[in-house]
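A.B. asks: Please find the sequence and the predicted model below.
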Amino acid sequence: MDAEKKKEKLKKKSHSEEIQSEVIEEYKHKYIPIPSFKTQKIPEEDSMSKLPSLPATWVEDSMLTTPWRKHKGDEWSKETWESLKNDIENHKLRGDAGINHINVLLVGEISAGKSSFFNSFESVFKERVANRADAGFGKKSLTTKYRQYEISGRYGKKQPIKFRFCDSMGIEGEAGLSAHDMGKIMDGHLQDQAELRNGVVRGLGYIENPTEDDKIHCVALVVNTLSISAMDESVIKKLTDIREEALGRHLNPIIILTRVDELCQMTEADTKMVFRSKEVLEKVEEVHKLLGVPKNQIYPVRNYCIEVECETVKDVLILRVAKQILRYSEDFIEDRLAREKQKRKNLRKELGELNKKEKSLEPESCSGEDSASSKESDTESDSDNRVEPERSKKDQRRRSDFSDHKGKGGKGGSKQTLGPAKVKKAPPPLLTKKAPPPLVLATGRMGIALSDFTGDVDDGEIPELRNGEEVTEITPDKDGWTKVRGATGMEGLAPSDYINWMPKKAPKQSPKALKPMKKWCAVEQYSANDEDEVDLDVGEEVTEIKPDADGWTFIKREDGSEGLVPSDFLELKQPTKTPPKRRQTHSVPDSLTESPVHSSSSPHLSPVIEKPALPTSDMKPKKATKQSPRLA
């Protein structure tokens, strides 16, 4: 047994030495101090232990033989980078979620690296180092307003991804935002650019009734690995309280560990070594014990700080965090929809039990009244044996009516019922708000479903209704329910608030007869002076589009141009009447059909029509500030 243990120990030792030698060969040139610009020779293997920058115990103390977190495939390749990036860019939200973005709230102490993480995240998708958010170090928070950042693709050509990062002020011990303020932010009560210096208060930028799209779907606590051990107790308590606020809203916060490259020299030399670093793993375990967050919800990242170009390895590390944010957000949305569905089921169950209790009370009340009436009738019959036949018939008729009244569906029974009335089931509330449609009593109108709905067939509800499905009204709204027919042909009751009814088309009216347009004749030449005017030629025929207003008439010329001209330059054209042709029933000699020729002095010539006098200058109308030119 001792021999086998020795062999196993030697085997592990040789494997560890083999890994150490590979790491030393790959990174030894990075840790050799270069005092001058001259090329320095690489020392021999036996002298590696004498290097001050790479002690002999460095690899053994800092590196694990196997990574503490494993991933599928070649985890640092360009193919992995493209796969992770495409998954996030092409992610589609659930249609019944009622949101347009996944809102991610970044929370952390001052100088933890919240804004730097957002800049690094945006750099991945822009494929260049971005610096949109204010980032840096200081005693006070650089972020004083609530900011919402949407991220678009490279050079803005692609559609924005579904992430929307929400940045807030840095966490301080006693001052700054409280855990209660963070809870209000999670509930979606703040607009973009809302001021945070005085906390989350009602006023400018405060949303009284936030929608699902305003609320937070994932909370990320950003922690600086270099300051975890020296973190103030008040900051730790506030971060713990913020986590409790998130858990109370069914949100599972994640931890983002920043500045891991400054923590571990091996990771600083090569980001690929982050999951082999003992120091990074120790910080993960320390945060786990400090804040109570599970280890698989803690993710190390390396933000862009001194670089001006993106690196695939750093991008992959950031994209893996983005993928986890996406998964946690999907789980939260799925859980929210499941809770809302279960709430509706519980409401139906409670209403059903209430109806059963009311039904069980009906026979008791009826039997009590029946026994009381029978006793009363027996007393009357015993006390008075000489009752008239008509009165006896009336009593029998009254008792028979009462028994029919008590029965269910008996022939000739009254429509009235005894006992409390049946309570109708209330329709489920719509998740998204909408204005109530106008009341229309006529059936047959069309509508669009605003949300998914799964009904109870036993209660006469439609089995299934999908968001955006076209429905037809069968029976108008009654107590919040409308009987509809879906696009698939299924019929049943659906909540009236879930349907956006389309307005009915008004009946077509017969077109009105067009008024005949007036024809005018230009009596003087006119040249346009403004853009809204047109020229006129003497004798030109024009058509009136708009009548005279302030001395100007809007006309259309024969060439199609339209504009204003002075009304004084126009004369109404008189229509010329053509005499009707005479019907000839027999031939007439040519001598009789010839019309006499009149001389210029003939009295039978038509009289000359004199033109009306043009208006004088004092009667001349005006167009705004300019006057129409006077006729020459």
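C.D. replies: Arrived safely. Numbers count the residues shown, from 1 in each chain.

A.B. asks: Kindly tell me how buried L337 is, as a neighbour count.
C.D. replies: The number of residues packed near L337 is 16, by other C-beta atoms under 10 Å. In this view, the C-beta of every residue, glycine as well, is placed from N, C-alpha and C.

A.B. asks: residue contacts, it?
C.D. replies: If you count contacts by C-beta atoms under 8 Å, 6 or more residues apart in numbering, L337 has them with 94, 96-97.

A.B. asks: Sticking with the nearest residue to P253 once chain neighbours are set aside, tell me its helix or strand.
C.D. replies: The shortest distance from P253 to any non-neighbouring residue, by C-beta to C-beta, 6 or more residues apart in numbering, is to V219 (4.1 Å). Under the criterion DSSP states H and E, the helix or strand holding V219 is strand 218-224.

A.B. asks: JSON lines for the contacts of L337, including pLDDT, neighbour count and secondary structure?
C.D. replies: Converted to JSON lines, those look like this (pLDDT from 0 to 100; neighbours: other C-beta atoms under 10 Å; DSSP: H, G, I helix; E, B strand; the rest coil):
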{"residue": "R94", "pLDDT": "84", "neighbour count": "13", "secondary structure": "coil"}
{"residue": "D96", "pLDDT": "83", "neighbour count": "14", "secondary structure": "coil"}
{"residue": "A97", "pLDDT": "86", "neighbour count": "18", "secondary structure": "coil"}
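
A.B. asks: Please identify which of those is nearest to T472.
C.D. replies: D96 (22.0 Å; C-beta to C-beta).

A.B. asks: I'd assumed S451 was in contact with that closest one.
C.D. replies: Yes. Under the criterion of C-beta atoms under 8 Å, D96 lies in contact with S451, with a separation of 6.3 Å.

A.B. asks: Between the two, which contacts overlap?
C.D. replies: The contact lists of D96 and S451 share N467, where a contact means C-beta under 8 Å, 6+ apart.

A.B. asks: Roughly how far does the residue lying closest to G199 once chain neighbours are set aside sit from V104?
C.D. replies: Once its chain neighbours are removed from consideration, G199 has its nearest residue in D181; the separation is 5.0 Å (C-beta to C-beta, 6+ apart). Spatial separation of D181 from V104 under the definition C-beta to C-beta, to the nearest Å is 18 Å.

A.B. asks: quick one: which of those two has more around it?
C.D. replies: Higher neighbour count among D181 and V104: V104, with 24 against 21, using other C-beta under 10 Å.

A.B. asks: List the beta-bridge partners for the more buried one.
C.D. replies: Counting by DSSP bridges, V104 forms beta bridges with F165, C218.

A.B. asks: Would you check that it makes contact with A220?
C.D. replies: Yes. V104 lies in contact with A220 (C-beta under 8 Å); the separation is 6.0 Å.

A.B. asks: any shared contact partners between these two?
C.D. replies: Contact with both V104 and A220 is made by residues I325, according to C-beta under 8 Å, 6+ apart.

A.B. asks: SS state for D477?
C.D. replies: At D477, secondary structure determined by DSSP: H, G, I helix; E, B strand; the rest coil is strand.

A.B. asks: And for E334, nearest residue in space, chain neighbours not counted?
C.D. replies: R94 (7.9 Å).

A.B. asks: S120: neighbouring residues, count only.
C.D. replies: A count of neighbours around S120, defined by other C-beta under 10 Å, yields 27.

A.B. asks: Show me what the helix or strand where it lies is in contact with.
C.D. replies: Take DSSP H and E as the rule and S120 turns out to sit in helix 114-126. Among residues not part of helix 114-126, those counted as contacts by C-beta under 8 Å, 6+ apart are 85, 89, 106-108, 129-135, 142-143, 149, 151-155, 161, 163, 165, 167, 170, 222, 256, 258, 301, 303-305, 310, 314-315, 318-319, 322.

A.B. asks: mind saving the C-alpha coords of that helix as PDB?
C.D. replies: Taking Å, rounded to 0.1, in the frame of the first residue of the first chain, the C-alpha atoms of helix 114-126 are listed here in PDB:
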ATOM      1  CA  LYS A 114     -19.200  50.000 -12.300                       C
ATOM      2  CA  SER A 115     -18.800  52.500 -15.100                       C
ATOM      3  CA  SER A 116     -15.600  50.900 -16.300                       C
ATOM      4  CA  PHE A 117     -17.400  47.600 -16.600                       C
ATOM      5  CA  PHE A 118     -20.100  49.200 -18.700                       C
ATOM      6  CA  ASN A 119     -17.500  50.800 -20.900                       C
ATOM      7  CA  SER A 120     -15.700  47.500 -21.300                       C
ATOM      8  CA  PHE A 121     -19.000  45.800 -22.100                       C
ATOM      9  CA  GLU A 122     -19.800  48.400 -24.800                       C
ATOM     10  CA  SER A 123     -16.300  48.000 -26.200                       C
ATOM     11  CA  VAL A 124     -17.000  44.400 -26.900                       C
ATOM     12  CA  PHE A 125     -19.900  45.200 -29.200                       C
ATOM     13  CA  LYS A 126     -18.400  48.300 -30.800                       C
END
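
A.B. asks: picking that back up, please pick the buried ones from the contacts of helix 114-126.
C.D. replies: Among the contacts of helix 114-126, those scoring as buried are 85, 89, 106-108, 129-130, 133, 135, 142-143, 149, 151, 161, 163, 165, 167, 170, 222, 256, 258, 301, 303-304, 310, 314-315, 318-319, 322 (criterion: 16 or more other C-beta atoms under 10 Å).

A.B. asks: out of those residues, which are inside strands?
C.D. replies: 106-108, 149, 163, 165, 167, 222, 256, 258 (DSSP state E).

A.B. asks: ok, so of these, who is nearest E558?
C.D. replies: Each of those was scored against E558 by C-beta to C-beta, and Y149 proved nearest at 61.5 Å.

A.B. asks: who touches the closest one in this structure?
C.D. replies: Per C-beta under 8 Å, 6+ apart, neighbours of Y149: 118, 122, 132-133, 164-167.

A.B. asks: one more time with 6 Å
C.D. replies: If you count contacts by C-beta atoms under 6 Å, 6 or more residues apart in numbering, Y149 has them with F165.
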